[in-house]
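Participant: Sharing a model prediction with you, sequence too.
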Amino acid sequence: MLSKRNNRKLNKRHGFRKRMSTPGGVNVINARRNKGRKKLTVNA
């Protein structure tokens, strides 16, 4: 069986707030915005 999805852990590691807390993460968000991604981060 695959492991259960722990949304809190997922968001803590890959969430929007975490991305925006580092310069590299801001670059990721901006790159996904420029590309026209519907979802910028997981669960967002």
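Facilitator: In hand now; what should we look at?

Participant: which is the next helix or strand following the helix or strand encompassing Asn11?
Facilitator: Using DSSP states H and E, Asn11 maps to helix 7-14. Using DSSP H and E, the helix or strand that follows helix 7-14 in sequence is helix 16-20.

Participant: for that following helix, packing partners?
Facilitator: The contact analysis (3 or more Cβ pairs under 8 Å, 6 or more residues apart in numbering; DSSP states H and E) places helix 16-20 against helix 7-14, helix 23-35. (Each C-beta comes from the backbone N, C-alpha and C, glycine too.)

Participant: Which residue comes closest to Val26 once chain neighbours are left out?
Facilitator: Met20 (6.0 Å; Cβ to Cβ, 6 or more residues apart in numbering).

Participant: now do Gly15
Facilitator: In space, Gly15 is closest to Thr41, 5.8 Å off (Cβ to Cβ, 6+ apart).

Participant: Please tell me how far the one you found sits from Met1.
Facilitator: 27 Å (Cβ to Cβ, to the nearest Å).

Participant: between those two, which one's more packed in?
Facilitator: More neighbours surround Thr41 than the other of Thr41 and Met1, with 19 against 3 (other Cβ atoms under 10 Å).

Participant: picking up where we left off before, now for the residue nearest to Gly15: which residues touch it?
Facilitator: By Cβ atoms under 8 Å, 6 or more residues apart in numbering, the residues touching Thr41 are His14, Gly15, Phe16, Arg19, Ile29.

Participant: let's see 10 Å
Facilitator: 10-11, 14-20, 25, 28-29, 32 (Cβ atoms under 10 Å, 6 or more residues apart in numbering).
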